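Asks: 3D, please:
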Amino acid sequence: MPLNNPEKLTDLIASGDSETLNALAIPVRREQNRSLSFRSAMMLSTHNLKHLSKIPTLSAECLMLNLEDGVSPEQKPYALALCAMTLASLPQYDKNLVVRVNPLDEGGAEEILFLNPFMPDAIRVPKIRSVADVRRILTLVNKEIDIHLSIETKEAWLALSNLAIDPRIKVYYLGILDLFADLGLSQSLLTPESPTVQYILSHFLVTSRACGIKPVSFVYQDYKNSDGLRNWLELEKDMGFDAKGCIAPAQVELIHEIFGHSEEEIARNREIVRLFEEHAARGISGFVDERYGFIDEPIYKGALAVLGQR
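Replies: Next up, the predicted model:
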């Protein structure tokens, strides 16, 4: 596989020979991972061979192969080829492999068409502004590939409840720094105590879930500040989030800790599921259990949701 020869790839990158790099990217039929149970969505720079080589060792449950922010215009052509090679090298993988392309009119449309044969689990499109943008995305992305959207413009924010126009749209990511900039809000407001931030988070969460979409909270950029990240995670868990973007392995571990479930909680919900299904088989949809109190279908569905998040 080309990724197993980093010296050759480094020489090609240095020479600027993007045509040869693209020729090395040969599509392989991938088995799609459509699970939405991931808690961590870790950003990886696709222009960085060192980062890509670490993929097998990473514990993040969703790996975001990034072609947008942090990748310079000069790096984007070979980053795209390396991204495709990475997908081809992982035809079956237990983690979600999602590619974040550039905005549609800034190379993103062409990137989608190039990546379609390599079958990422999903393609994430940034800077959308309207339902018309979403319709365009649907025409570009292979029908077997899921679509994820970044919510980071004021227009997308206003259209949030109207964007899920197709079952292939599965996940929204909150790009809070770009959204703040677009709204003219100071980043000094970006604290867990800010009522504005709490409103944004709760509206994003509830609207996304009401539309049947998985909401992923924003990346906390201060990756060395574990106390700061913990404060955000505890707030977000209390609100109902179960996933967050990140940029460092240490952040992944903390995200999994806070967004995980104790063995006691898992056992409790397994028992609720068992009891409900046992009663439902006898035509009983609501009953009182000595340990867990009243159990009906909403309680049962809540237990299933917890077990699905493990």
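Asks: which pLDDT does the model give the spatially most central residue of the chain?
Replies: Closest residue to the average C-alpha location of the chain: residue 41 at 4.9 Å, with Cα atoms, centre = their mean. pLDDT, residue 41: 97.
Asks: ok, residue 10 next?
Replies: Predicted confidence (pLDDT) for residue 10: 77.
Asks: who does the residue nearest to the centre of the chain bridge with?
Replies: Per DSSP bridges, residues listed as beta-bridge partners of residue 41: residue 62, residue 245.
Asks: would you confirm that it contacts residue 242?
Replies: No. Residue 41 sits out of contact with residue 242 when judged by Cβ atoms under 8 Å, with a separation of 11.4 Å. Where you see a C-beta, it was placed from the backbone N, CA and C, and this is true even at glycine.
Asks: can you pull out the helices in this protein?
Replies: Using DSSP state H, the helices of the chain run over residues 6-15, 18-24, 49-53, 76-88, 108-115, 131-140, 154-158, 176-183, 195-210, 226-239, 249-259, 263-280, 297-308.
Asks: hmm, back to that, and the residue nearest to the centre of the chain, what does it touch?
Replies: Residue 41 sits next to 60-64, 96, 98, 173, 216, 243-246 when contact means Cβ atoms under 8 Å, 6 or more residues apart in numbering.
Asks: go again with 10 Å.
Replies: 60-64, 96, 98, 100, 124, 148, 171, 173, 216-217, 219, 243-246, 252, 255 (Cβ atoms under 10 Å, 6 or more residues apart in numbering).
Asks: hmm, back to that, and the helices of the chain, which is most packed in?
Replies: The highest average neighbour count among these, using mean count of other Cβ atoms under 10 Å, belongs to helix 76-88 at a mean of 23.
Asks: would you mind pulling up the elements that it packs against?
Replies: When contacts are defined as 3 or more Cβ pairs under 10 Å, 6 or more residues apart in numbering; DSSP states H and E, helix 76-88 packs onto helix 6-15, helix 18-24, strand 40-45, helix 49-53, strand 62-66, strand 96-100, helix 108-115.
Asks: between the helices of the chain, which one is nearest to residue 166?
Replies: Closest approach to residue 166 among these is made by helix 131-140 (5.6 Å; Cβ to Cβ).
Asks: how far off centre is the closest one?
Replies: Centre-to-centre, helix 131-140 and its host chain are 19 Å apart (Cα atoms, centre = their mean, to the nearest Å).
Asks: that one packs against which elements?
Replies: Using 3+ Cβ pairs under 10 Å, 6+ apart, helix 131-140 is in contact with helix 108-115, strand 122-125, strand 146-151, helix 154-158, strand 169-174.
Asks: show me what the longest one is in contact with.
Replies: For helix 108-115, the external contacting residues (Cβ under 10 Å, 6+ apart) are 22, 25, 27, 65, 67-68, 76, 79-81, 83-84, 87, 99-104, 107, 120, 123, 125-127, 136-137, 139-142, 145, 147.
Asks: JSON lines for the helices and strands packed on helix 76-88, including distance to residue 190?
Replies: Below are the helices and strands packed on helix 76-88 laid out as JSON lines (distance: least, Cβ to Cβ, whole Å):
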{"stretch": "helix 6-15", "distance to residue 190": "36"}
{"stretch": "helix 18-24", "distance to residue 190": "38"}
{"stretch": "strand 40-45", "distance to residue 190": "18"}
{"stretch": "helix 49-53", "distance to residue 190": "26"}
{"stretch": "strand 62-66", "distance to residue 190": "21"}
{"stretch": "strand 96-100", "distance to residue 190": "21"}
{"stretch": "helix 108-115", "distance to residue 190": "27"}
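Asks: okay, residue 293 and residue 299: tell me how far apart.
Replies: Counting by Cβ to Cβ, to the nearest Å, the gap from residue 293 to residue 299 is 9 Å.
Asks: ignore the last one, residue 268
Replies: If you go by Cβ to Cβ, the gap between residue 268 and residue 299 works out to 11 Å.
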